[in-house]
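Student: Provided below for reference: sequence and predicted model.
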Amino acid sequence: MLVVSLLWSANAEAATYIASPKKRVVVLDPGHGGPHRVGASRKGYYEKDINLSVSLMVKKMLAEKASHITVYMTRSTDVELAEDRNADNRKRPKFANDKKADLFISIHANDVDTPTDANKGFEAIVLNLDEKTQKHTKKMSPSLNAHKDYVLFEDFKKDAAQYLDAISRLMSNDPMNRMFGKSVGEQITKRGYRFNGVLDATQVYTVLYPLECPGIILEMGYMCNAGDLAYLTSEKGQKDMADAISDAIVDYFENIERMEEYAQNDTGSEDSFSNDNYLKYYVYDSSGEGYTIQLMSSSTELDIYSASFKEFKGIAMLVMGTGTFKYKYCYGCYPTAAAAQSELAWARKSFKDAIVTRYKAGKIVSTK
């Protein structure tokens, strides 16, 4: 799976002010809809209504915050896109592709049949096509086909053009998906709401699989959790969610704009890079070198999706070092030690022993 945090950090303080942002297109997808697709249902509340209400608020807020962003919605009323669920799901990414979207956001509320105290909080779900996910999808194919929210078993013919195109698109979009998910998480956390991280889907969602642009599923909370349900159905909660999502969209495109400006800058200065050396800012690129923030090290390999990574769950990256504690878990990549240092205090809020370290060709080579 492509590592995300290898792009120029989304939070870099040194980024230049963008006076004239480019026109962008966002497609908001309020999940479910219509009489046959209500989604989760708890205490008389339907997920389809919550999804639509928040999505409409996001659209309105973006019109006020960012006139350069055009927003389309897969539905603006309580309707289904097709009577068949699978056809309905497939129309949503097709709509985004037809609109030449720069970002697709499918907005949902979560739920489970047998809830526990752990089932609460906001989650960002990204597409994953690794072997483990594919095997799980195939194993579950009878129930998944009946559910029809997931890619069908026959779509995983590895020599099929559709599958090869999906792999190619994912390689391009995965860093963007995760960067946007992290931005949403930061905005949600600012508002005092629990964020569970940027998570890989355990199945392959139909609404993400055919996307040509970056895309993500946002699960705003668990309707089976009394606290989440009260928040999601309140005016304040919905406004908070919409405000967080719209701010994250604005932040995301500002970060994209900055990266594009850096990529087009060929002045040769230490803090800029051109298209030719853009890939050097990937830690694992054979010619890549720069600085990263080492959060922790371990003598054994750890699961970056575990709760021990706290706010960096799912977005920390493993970079190999030497010695007994050779597994180094890092965040971000920066062209200078000073750029990395500017975010070190933020990282130390979660990992007090975090340090700035230098990498080259996928390995830690020294600390600063």
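Tutor: Alright, I've got the coordinates.

Student: next helix or strand past the lengthiest strand in the chain?
Tutor: Using DSSP state E to define each element, the chain has its longest strand at strand 289-298. Next in sequence after strand 289-298, counting helices and strands by DSSP states H and E, comes strand 317-320.

Student: Please identify the buried residues of that next one?
Tutor: 317, 319 (16 or more other Cβ atoms under 10 Å). Backbone N, C-alpha and C define where each C-beta goes, glycine included.

Student: any idea of the mean pLDDT for that strand?
Tutor: Average pLDDT, strand 317-320: 84.

Student: what about that strand, distance to the chain center?
Tutor: Relative to its parent chain, strand 317-320 has a centroid offset of 20 Å by Cα atoms, centre = their mean, to the nearest Å.

Student: Determine the set of other helices and strands touching the helix or strand just after it.
Tutor: Once strand 317-320 ends, the next helix or strand along the chain (criterion: DSSP H and E) is strand 327-334. Taking 3 or more Cβ pairs under 8 Å, 6 or more residues apart in numbering; DSSP states H and E as contact, the helices and strands that strand 327-334 lies on are strand 289-298, strand 317-320, strand 355-360.

Student: how much does strand 327-334 deviate in direction from strand 289-298?
Tutor: 150 degrees (axes from the mean of the first three to the mean of the last three Cα atoms, to 10 degrees).

Student: now strand 327-334 against strand 355-360, angle please.
Tutor: Going by the same axes, to 10 degrees, strand 327-334 makes 80 degrees with strand 355-360.

Student: which parts of strand 327-334 are buried?
Tutor: 328, 329, 330, 331, 332, 333, 334.

Student: now stretch 122-131
Tutor: Buried-residue list, stretch 122-131, by 16+ other Cβ under 10 Å: 122, 123, 124, 125, 126, 127, 128, 129.

Student: For residue 187, which non-adjacent residue is spatially closest?
Tutor: Excluding the flanking residues, the one nearest residue 187 by Cβ to Cβ, 6 or more residues apart in numbering is residue 244, at 3.8 Å.

Student: Now residue 219: which helix or strand?
Tutor: Under the assignment here (DSSP H and E), residue 219 is part of strand 215-222.

Student: helices or strands up against that strand?
Tutor: strand 103-110, strand 122-126, helix 161-190, helix 226-232.

Student: List the buried residues of the first one.
Tutor: For strand 103-110, the neighbour count (16+ other Cβ under 10 Å) marks 103, 104, 105, 106, 107, 108, 109, 110 as buried.

Student: hang on, the first one packs against residue 26?
Tutor: Yes: judged on Cβ atoms under 8 Å, residue 103 makes contact with residue 26 at a distance of 5.0 Å.

Student: Need the residues touching each of these two.
Tutor: Listed as contacting both residue 103 and residue 26 by Cβ atoms under 8 Å, 6 or more residues apart in numbering are residue 249.

Student: hmm, back to that, any chance of the buried residues of stretch 122-131 in JSON lines, with pLDDT too?
Tutor: JSON lines is the format used below for the buried residues of stretch 122-131 (pLDDT from 0 to 100):
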{"residue": "122", "pLDDT": "96"}
{"residue": "123", "pLDDT": "95"}
{"residue": "124", "pLDDT": "95"}
{"residue": "125", "pLDDT": "94"}
{"residue": "126", "pLDDT": "92"}
{"residue": "127", "pLDDT": "87"}
{"residue": "128", "pLDDT": "80"}
{"residue": "129", "pLDDT": "76"}
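
Student: from those, which single one is nearest residue 302?
Tutor: Here the nearest of the buried residues of stretch 122-131 to residue 302, counting by Cβ to Cβ, is residue 128; it sits at 18.6 Å.

Student: so is the closest one in a helix, a strand, or just coil?
Tutor: Classification of residue 128 using DSSP: H, G, I helix; E, B strand; the rest coil returns coil.

Student: Can you tell me how far it is from residue 46?
Tutor: Counting by Cβ to Cβ, to the nearest Å, the separation of residue 128 from residue 46 is 29 Å.

Student: Brilliant, that's me finished.
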